[in-house]
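J.: coords please:
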Amino acid sequence: MTFNKKQLIIFLSVTFGIGWLLQAVSVVFYNNSSLTGFRALLAVSMFAPLAGVLISRAPFMELGWKPHLKGNIKYLLIAWFAPFILTIVGAALYFLIFPASFDLSGEYLNASSGQQDALAQLEAQGMTYKTYLIVITFSSLLYAPWVNMLFAIGEEAGWRGLLYPMLKNKTNTLYGNIIGGIIWGLWHFPIITFAGYEYGTNYFGAPFLGIFVFCIFTVFTGITFDYLYSKTRCIWIPALAHGSINAVATITVAVLDLNYMDNMILGPAPVGLISGVPIVIAALLIIMHDNRRHLPADTAVDNQDKTDEIVPAEEAPASPVGQTHEAPVKPFDIIRENDNKAQAKPVNNPAKKSYPKSKGKKKRKKGHK
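T.: I've put the predicted structure just below:
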């Protein structure tokens, strides 16, 4: 997408205006212990970037709304399952470092639902907490990403569909991803600051450390999502990955001891410093892959020269001063030399053939009647 300053300003104004307004109202619900209203408004706020795209009058239909499955099955599977795998590995890393924080008592269910008897109600239905964890794990792996995708598409249409392409067009891929990731992270400022979104409110450095760490998460996660979008040109693919990571994140905190809630800046959710390491590694691998794929032509030629046969020193032509060799000839020098030779070389045209003179009428002399 071509960089358009006016469209970008309108997009950011609408996205942050509507998004922050809805998040501010959701904070009121959160402070009044209405978790249902809080979560509902957060879900609605996810469509603020999509509204920004529409109001900015950006080329909406160019975002890739038509699913392109042919040739993209690999990326669809990556978007579906890779966030789950990376999140589980990150959570395992966190619990390996803090084993005492792993808890299967089910107290988190009471705390997250706002009902002190939530666990008792679950057991009254004949389901243990361990069985509950198995159920939500399979749902987070199989169908929850597709359900969450319908909400995540609101964000992805704005971030990956408009913001990232414009920033990459103005700068380059890496800088565009970094700036876009920071903007994406700052969009969550109200709920992180006033509702303790993701990290709570009692951690060290709150709330600004939480905003900083969350921006790290959005930068590296944004790189992976943008990679999927650039490979498929289908906006539903990064939306599926977004929905997948939102689904699996609930599992990691469902087994966290409540005494470690103030330590969530480190993990076990994928937004933590420790548990987010697998996502960081995946993003770095993507950056390295892109850098190798976009090597400059001169660098590629130099690398190829290194693999060529080395001429022994005794066979190399000696220079007037010592045994120094001539500088390696670059491709453009070869082309220039060939052009000069072509110009200097005499043209060896074949001898002109003698053709019989025409037997037609001779040309009359001037004045002859």
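
J.: Neighbours of the nearest residue to residue 7 once chain neighbours are set aside, how many?
T.: If you skip the residues right next to it in sequence, residue 7 has residue 56 as its closest partner in space, 4.4 Å away by Cβ to Cβ, 6 or more residues apart in numbering. The way it works is simple: take the backbone N, C-alpha and C, and place the C-beta from them, glycine included. Burial measure for residue 56: 21 neighbouring residues, criterion other Cβ atoms under 10 Å.

J.: how near is residue 50 to residue 155?
T.: Noted for residue 50: a distance of 8 Å to residue 155, by Cβ to Cβ, to the nearest Å.

J.: Output the below-cut-off pLDDT ranges for the stretch 151-300 of the chain.
T.: Counting by pLDDT under 70, the stretch 151-300 of the chain has low-confidence residues at 294-300.

J.: show me what contacts the closest residue to residue 68 other than its chain neighbours?
T.: On the basis of Cβ to Cβ, 6+ apart, the spatially nearest residue to residue 68 that is not a chain neighbour turns out to be residue 234, at 5.1 Å. Neighbouring residues of residue 234 by Cβ atoms under 8 Å, 6 or more residues apart in numbering: 64, 66-68, 72.

J.: I'd assumed residue 234 was in a helix, is it?
T.: No: the assignment for residue 234 is coil, going by DSSP: H, G, I helix; E, B strand; the rest coil, so no helix is present there.

J.: returning to what we had before: wait, the residue nearest to residue 7 touches residue 15, no?
T.: No: using Cβ atoms under 8 Å, residue 56 makes no contact with residue 15, being 9.1 Å away.

J.: Am I right that residue 11 is in contact with residue 54?
T.: No: contact between residue 11 and residue 54 fails when scored by Cβ under 8 Å: they sit 9.5 Å apart.

J.: These two: which is more packed in?
T.: The residue with the greater number of neighbours, taking residue 11 and residue 54 and applying other Cβ under 10 Å, is residue 11; the counts read 24 against 14.

J.: Find the helix or strand that that one is a member of.
T.: Taking DSSP states H and E as the definition, residue 11 sits inside helix 5-31.

J.: Just after that helix, pick out the following helix or strand.
T.: Following helix 5-31 in sequence, per DSSP H and E, is helix 35-45.

J.: State the mean pLDDT of the helix or strand following that following helix.
T.: Tracing the chain C-terminally past helix 35-45 and defining elements by DSSP H and E, one meets helix 48-55 next. Taken as a whole, helix 48-55 carries a mean pLDDT of 97.

J.: Tell me the helices and strands packed up against the helix or strand just after helix 48-55.
T.: Proceeding C-terminally, helix 48-55 gives way to helix 73-97 as the next helix or strand, assigned by DSSP H and E. Contact analysis of helix 73-97 by 3 or more Cβ pairs under 8 Å, 6 or more residues apart in numbering; DSSP states H and E lists helix 129-142, helix 144-158, helix 208-232, helix 236-254, helix 277-293 as its packing neighbours.

J.: Quick one, which of those gets closest to residue 60.
T.: The minimum distance between residue 60 and the helices and strands packed on helix 73-97 falls on helix 144-158, with 8.3 Å, by Cβ to Cβ.

J.: Check which helices and strands the helix or strand just after that closest one is in contact with.
T.: Toward the C-terminal end, the helix or strand that comes next after helix 144-158 (DSSP H and E) is helix 164-170. Contact here means 3+ Cβ pairs under 8 Å, 6+ apart; on that basis helix 164-170 packs against helix 173-186, helix 208-232.

J.: Give me the buried positions along helix 164-170.
T.: For helix 164-170, burial by neighbour count (16 or more other Cβ atoms under 10 Å) applies to 164-168.

J.: Next: stretch 70-81.
T.: 72, 75-76, 78-80.

J.: can you list those in TSV and add distance to residue 223 and pLDDT?
T.: Written out in TSV, the entries for the buried residues of stretch 70-81 read as follows (distance: Cβ to Cβ, whole Å; pLDDT from 0 to 100):
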residue	distance to residue 223	pLDDT
72	19	92
75	15	97
76	19	96
78	14	97
79	14	97
80	18	97
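
J.: Out of the residues you listed, the closest to residue 60 would be?
T.: Ranked by distance to residue 60 (Cβ to Cβ), the buried residues of stretch 70-81 are led by residue 72 at 21.0 Å.

J.: who's in contact with the closest one?
T.: 231-232, 234, 237.

J.: ok, it to residue 155 distance?
T.: Residue 72 sits 21 Å away from residue 155, taking Cβ to Cβ as the criterion.

J.: swap in residue 228?
T.: Between residue 228 and residue 155 the distance is 14 Å, computed by Cβ to Cβ.

J.: Same question for residue 40.
T.: Counting by Cβ to Cβ - residue 40 and residue 155 are separated by 16 Å.

J.: Could you do residue 91 as well?
T.: Computed as Cβ to Cβ, the residue 91 to residue 155 distance reads 23 Å.
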